[in-house]
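Colleague: generate a structure from the sequence data that follows.
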Amino acid sequence: MNRHPLIAENEEKQISVGLPLLLCLSMFTTWQMGVMLFSGKTLSIGAKTPIPFALDSNVITALVAAGFIIDILFLIFLQRHSVMTARLSISIALLSALMFYLPFPPHIAAMLFYIQAFCCVFLIGSLIAVIVNLLTEKAAMMEFIISLISSGCLIAILQNDVIPIPFGVFRGFTIVSLAMLLLFFCKMPRNTWPVYVKKSDGLVKPKTLMVQLFTLIGFSSVIALFGSAVAYSVEHGISVYYLSSAVCGIILMVLWERFHIMPLKSASVMLAIGALGFLLAIASLYVPKLSLPACALLGAGAISGISSYLGVVMTKQYPSRFITPGVIVLGFAASLVQTVLLHALRDNLTLLYVVYLVIAVALVILYLLLEPYLGYSLRGRTLEDLIMAVAEETDETAVPEPVALLATVSGVADISKIGAELEAEWAEGENSPHVLRMRNLFQHKLSPLTRREYQLADCIMRGQRRSEIAEEMGVKPETVTKYTNQLYNKFGIHRRQDLFRLSEQLDREWLENEQL
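Modeller: Numbers count the residues shown, from 1 in each chain. Purely as a prediction, here's the structure:
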């Protein structure tokens, strides 16, 4: 199926990053959450290892706010320079961390820490920009899972709940993490960047889907903060929370690599478990023994921090330069919401946890609605790729795309031609990928679609609405309705949910045939 030239050009620039570099990238989450985020009177939440110098929380708050604001402005106007900016930010943070080994007075040491805090916040935007604009969908999903596993284990250790951690270990860990991050960004091309869409390009914006995805990003950012806030209030809660998220990451990886179960499908179950964690947190206010089990369940909901991957999905369909700044704005807004709620409801934890629970349930519902579209995007194979047979156009007003046909039949009446050809090929012992796919088609009694019907199916499963499909196909909305009815009749289905299930089933069989 022909794609828009802009989309095709940007996909050629995407990078499939290997496991070692993804592990380097995952160190940012560990550095951010394990060392920087919870720094105050002590370096870790366990409160067993005091920082050997005083920190002003007001200064840190101001630096965080300034970092977010400057980050947003940078992404709007200078986003394509994210790789070089990340290299510079990490180098400054690394240099300031190395200077901790020098015998500076406390106020100089505190200043060095403030520099790291600002660089940590400012680096968020460049890191997300690189993931959204340069990595493939599968690489972005793999980075998320690896980050869950590695950061979950390391952050749990850094909380001083497992073993005592002296300040020197934190200092050394910071240097190693920053060095690994610098290695990742040095491996990224500094002059390769996608082309952003302009109105003159004629690319259709899936407005409804993008609004829903941004809403999902906002909810997931809030819930990630909510879960850690609840765990923070429980002794050993943070360690249990992050160990649980690491276990969930391992489960996602095994199901994906061993059983070919998409992480997005497994994530819906884990998000629901995370929502149950807030319910158990409410119960723990009356039964304290439930506190740690609640933290364990909340750790499953830590997979809600999937914002970067959702940005990749949006950029794949409509490469706008405002997607990454939008993700950062929502993350900043989530921090403000969390701060306001804690300030307003600190003395009424039951009501606070109920608010958390309501938002968590809303997140689960929204995710379940969007999961089919996300799964289709991650699989990356259209129905035409799976069926590999194209029916002749019967609509004289339709203009088929100028691509070569691998098989040409004319509708439902000619499905027997496929069976006759396959029987002859099977008799000859041919077992080519094309024959296997056509065998699936025949076994499912599916009629090949016309080129326009394949395009329609792709638009539907990419989340476009009727008016958006009409604009992309160059027809009237009423014609889209007619094509949709024809499509559903050929497959014997009645809803788009059935279309998603059929596509997923064919994709699973396609993978099985590829492994033969």
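Colleague: got a pLDDT number for the residue lying closest to Gln32 once chain neighbours are set aside?
Modeller: Of all residues not flanking Gln32 in the chain, Cys120 sits nearest, at 5.6 Å (CB to CB, 6 or more residues apart in numbering). Quick note: C-beta positions are derived from backbone N, CA and C, even for glycine. On pLDDT, Cys120 comes in at 93.
Colleague: distance of Arg171 from Gly67?
Modeller: Using CB to CB, to the nearest Å, Arg171 is found at 22 Å from Gly67.
Colleague: who has more neighbours, those two?
Modeller: Taking neighbours as other CB atoms under 10 Å, Arg171 and Gly67 compare with Gly67 leading, 21 against 15.
Colleague: was I right about the more buried one contacting Ile115?
Modeller: No. Counting by CB atoms under 8 Å, Gly67 does not reach Ile115; the two are 11.1 Å apart.
Colleague: please identify the helix or strand for the residue lying closest to Glu143 once chain neighbours are set aside.
Modeller: Spatial nearest neighbour of Glu143, excluding adjacent residues (CB to CB, 6+ apart): Leu22 at 4.8 Å. Using DSSP states H and E, Leu22 maps to helix 19-30.
Colleague: least confident secondary structure element in the chain?
Modeller: strand 408-409 (a mean of 35; mean pLDDT, DSSP states H and E).
Colleague: what's in contact with whichever strand or helix holds Ser89?
Modeller: Using DSSP H and E, Ser89 maps to helix 82-98. Helix 82-98 is contacted by residues 74-75, 78, 112-113, 115-116, 119-120, 122-123, 125-127, 129-130, 133, 171, 174-175, 178-179, 181-182, 185-186, 188-190 when judged by CB atoms under 8 Å, 6 or more residues apart in numbering.
Colleague: which among the residues you listed end up buried?
Modeller: 74-75, 112-113, 115-116, 119-120, 122-123, 125-127, 129-130, 133, 174-175, 178, 181-182, 185, 188 (16 or more other CB atoms under 10 Å).
Colleague: give me the subset of those lying in helices.
Modeller: Counting by DSSP state H, the buried ones among the contacts of helix 82-98 place 74-75, 112-113, 115-116, 119-120, 122-123, 125-127, 129-130, 133, 174-175, 178, 181-182, 185 in helices.
Colleague: so who does Leu298 touch?
Modeller: 227, 230-231, 241, 244, 274, 277-278, 281.
Colleague: and if we set it to 6 Å?
Modeller: Neighbouring residues of Leu298 by CB atoms under 6 Å, 6 or more residues apart in numbering: 227, 241, 274, 277.
Colleague: of all these, which two lie farthest apart?
Modeller: Tyr241 and Gly274 (10.4 Å; CB to CB).
Colleague: the more surrounded of the two?
Modeller: Tyr241 (31 against 28).
Colleague: ok, and the closest non-adjacent residue to the more buried one?
Modeller: Per CB to CB, 6+ apart, closest to Tyr241 is Ala231, 3.8 Å.
Colleague: how many residues are close by Leu19?
Modeller: 10.
Colleague: try Leu102
Modeller: Leu102: 9 neighbours (other CB under 10 Å).
Colleague: need the longest helix for this protein.
Modeller: Max-length helix for the chain by DSSP H is helix 349-379.
Colleague: other SSEs contacting whichever helix or strand comes after that helix?
Modeller: Counting by DSSP H and E, the element after helix 349-379 in chain order, helix or strand, is helix 383-387. Packing contacts for helix 383-387, counted by 3 or more CB pairs under 6 Å, 6 or more residues apart in numbering; DSSP states H and E, involve helix 451-461.
Colleague: which residues are contacting the next helix or strand after the helix it packs on?
Modeller: Using DSSP H and E, the helix or strand that follows helix 451-461 in sequence is helix 466-473. Outside helix 466-473, the residues that touch it by CB under 6 Å, 6+ apart are 204, 206, 459, 477, 480.
Colleague: if we go to 8 Å?
Modeller: Contacts of helix 466-473 (CB under 8 Å, 6+ apart): 204-208, 452, 455-456, 459-460, 464, 476-477, 479-481, 483.
Colleague: of those, select the buried ones using a PyMOL command.
Modeller: Selection of the buried residues among the contacts of helix 466-473 in PyMOL, burial being defined by 16+ other CB under 10 Å:
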select buried, resi 204+205+206+452+455+456+459+460+464+479+480+483
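Colleague: what residue ranges in the protein score low on pLDDT?
Modeller: For the chain, the stretches with pLDDT under 70 are 1-2, 37-50, 160, 393-447, 516.
Colleague: now do 80
Modeller: 1-3, 34-51, 159-165, 303-305, 388-448, 513-516 (pLDDT under 80).
Colleague: next, the residue positioned nearest the centre of it: phi, psi?
Modeller: Taking CA atoms, centre = their mean, the centroid of the chain lies closest to Tyr309, which sits 2.3 Å from it. Dihedral pair for Tyr309: phi -60, psi -40, per degrees, to the nearest 10.
Colleague: now it: closest residue in space that isn't a chain neighbour?
Modeller: Ala140 (4.7 Å).
Colleague: now do the helix or strand hosting that neighbour: distance to the chain's middle.
Modeller: Per DSSP H and E, Ala140 falls inside helix 137-158. Chain-centre distance of helix 137-158: 12 Å, with CA atoms, centre = their mean, to the nearest Å.
Colleague: for that helix, packing partners?
Modeller: helix 19-30, helix 106-134, helix 167-187, helix 237-259, helix 263-284, helix 307-317, helix 349-379 (3 or more CB pairs under 8 Å, 6 or more residues apart in numbering; DSSP states H and E).
Colleague: how big is the angle separating that helix from helix 263-284?
Modeller: 30 degrees (axes from the mean of the first three to the mean of the last three CA atoms, to 10 degrees).
Colleague: helix 137-158 vs helix 167-187, what angle?
Modeller: Using the same axes, to 10 degrees: helix 137-158 against helix 167-187 is 170 degrees.
Colleague: list the buried ones in helix 137-158?
Modeller: 137-158.
Colleague: for the nearest residue to Asp56 once chain neighbours are set aside, give its distance to Ala117.
Modeller: Distances taken as CB to CB, 6+ apart place Ala110 nearest to Asp56, at 7.5 Å, with adjacent residues excluded. Per CB to CB, Ala110 is found 10 Å from Ala117.
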